[in-house]
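Trainee: below is the sequence, then the predicted model.
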Amino acid sequence: MVWVVMAALWVVAGCGSDDVEKRDGSGEVFGEVAVDIGALSGETWSPLQDGAPLVLHAGLQGGYHVELSGRWRGLGVQGLAVKYEVRDAGTDAIINWTVRFILDADSAVCGGDGFCRRGIDIVQLDGWDPSAFDGRAVNIVLSVERSATEIHTVKRAAVLDY
């Protein structure tokens with residue numbers, strides 16, 4: 001009888017209402033959802049600040065791209081869809097080629113802070129002339145989709161800088 005009472009107390013103590021951590025069948029940890037866009041420098045992730053310049057890189061095949069690194073927590077990794085859009089700030093037109101990843105357990109790194117991320121994601125812009133992009137005000141949109149009905153999106157304003 002003592003064991004039953006102790007087990008019941010252990011279950012109640014471990015399942016408090018403020019406990020945001022939960023696990024799915026794969027053992028992945030989920031908690032309070034947060035999504036953000038940033039960049040990597042080595043292993044250090046930094047958030048993209050609204051209005052900040054975003055470096056435009058020339059690709060080896062003649063196109064231009066930006067390097068981004070989205071991160072999230074509370075959504076796990078397995079089966080997530082991660083999508084980037086670069087939208088013209090004035091017209092809201094998408095100016096990049098579609099970038100969408102479906103993740104598996106080995107597709108992302110999760111840190112001690114609970115955030116998971118891929119490495120550097122290359123987002124190819126739709127055009128061959130850097131003058132069409134240099135100085136252009138854009139909105140970077142990151143969507144992290146757990147399912148068709150659970151989509152978490154963040155948007156940051158930036159200025160492309162060549």
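Mentor: Arrived safely, thanks for sending. Residues are numbered from 1 along each chain as shown.

Trainee: output stretch 115-125 as CSV, nothing but the C-alphas.
Mentor: This file holds the C-alpha atoms of stretch 115-125, laid out as CSV (Å, rounded to 0.1, in the frame of the first residue of the first chain):
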residue,chain,number,x,y,z
PHE,A,115,16.5,24.9,-29.4
CYS,A,116,17.0,22.8,-32.5
ARG,A,117,18.5,24.0,-35.8
ARG,A,118,19.9,22.8,-39.0
GLY,A,119,23.3,24.2,-40.1
ILE,A,120,23.4,27.0,-42.5
ASP,A,121,20.6,27.0,-45.0
ILE,A,122,21.3,28.5,-48.4
VAL,A,123,18.3,30.4,-49.8
GLN,A,124,18.8,31.1,-53.5
LEU,A,125,17.3,34.3,-54.9
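
Trainee: how far does it sit from the chain's center?
Mentor: 8 Å (CA atoms, centre = their mean, to the nearest Å).

Trainee: list the buried residues of it.
Mentor: Buried residues in stretch 115-125, counted by 16 or more other CB atoms under 10 Å: 115-118, 121, 123-125. From N, CA and C alone the C-beta is placed, and that goes for glycine too.

Trainee: likewise for stretch 58-69?
Mentor: For stretch 58-69, by 16+ other CB under 10 Å, it's 64-66, 68-69.

Trainee: please apply the same query to stretch 88-98.
Mentor: 95-96.

Trainee: could you list the low-pLDDT ranges of this protein?
Mentor: Applying pLDDT under 70 to the chain flags residues 1-30.

Trainee: rerun that using 90 as the cut-off
Mentor: 1-32, 40-44, 61-62, 105, 109, 111-114, 119, 148 (pLDDT under 90).

Trainee: now the helices: where do they sit in it?
Mentor: Using DSSP state H, the helices of the chain run over residues 2-14.

Trainee: which residue comes closest to the residue minimising distance to the centre of it once chain neighbours are left out?
Mentor: Nearest to the mean C-alpha position of the chain, by CA atoms, centre = their mean, lies G70 at 2.9 Å. Counting by CB to CB, 6 or more residues apart in numbering, L142 is the residue found nearest to G70 once chain neighbours are left out, at 4.4 Å.

Trainee: dump the residue contacts of that neighbour.
Mentor: Taking CB atoms under 8 Å, 6 or more residues apart in numbering, we find L142 in contact with 35-37, 68, 70, 82-84, 153-155.
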